[in-house]
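Peer 1: Sequence and computational prediction follow.
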Amino acid sequence: MVHCNFLSIMDDQIHPNYKPAAYLIFAAIAVDLINGFIQKGTNPDFDMVTLAEVSLMFLTFGYFAFIGKDWIKWVILLATILTIFPIVAALNQKANQLNILYISQFFSSLLKFSSFIILSLVPKKN
């Protein structure tokens, strides 16, 4: 009797780098959410709706990385580059003015960029 499990067949076709990249994206979302709740406590003008929208967007990216879509690495790279702009603005501040929010934004961007690097190591499909 032959037992065929669709999920195991699907897992065999996906390069092993996709799952760690997805987990890095999910970790970056967690850092962003924690950062957002900290900002909401210190800045009443902080918009939680925007945080939720960006988090959902990156959850979607993580899902596509998890299922092995090759094109997602370029989307992640573009989104990571766009999220780095607040960090660049923070670097113009004096070192003693940098706070935990900017450090966590940097860490989140580092996680996202690391996922791009891992996805870039996947060989091209013929």
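Peer 2: Yes, it's here. All values derive from a computational prediction rather than experimental measurement.
Peer 1: Output the lowest mean pLDDT helix or strand found in the protein.
Peer 2: Within the chain, no helix or strand scores below helix 6-13, which has a mean of 52 by mean pLDDT, DSSP states H and E.
Peer 1: Show me what the next helix or strand after it packs onto, helices and strands only.
Peer 2: Counting by DSSP states H and E, the next helix or strand C-terminal to helix 6-13 is helix 18-42. Helix 18-42 sits against helix 48-66, helix 72-91, helix 100-120, with contacts defined as 3 or more C-beta pairs under 8 Å, 6 or more residues apart in numbering; DSSP states H and E. C-beta here means a position set from N, CA and C on the backbone, and glycine is covered the same way.
Peer 1: Tell me what angle helix 18-42 forms with helix 48-66.
Peer 2: For helix 18-42 and helix 48-66, the angle between their directions (axes from the mean of the first three to the mean of the last three C-alpha atoms, to 10 degrees) works out to 170 degrees.
Peer 1: quick one: helix 18-42 to chain centroid distance?
Peer 2: 7 Å (C-alpha atoms, centre = their mean, to the nearest Å).
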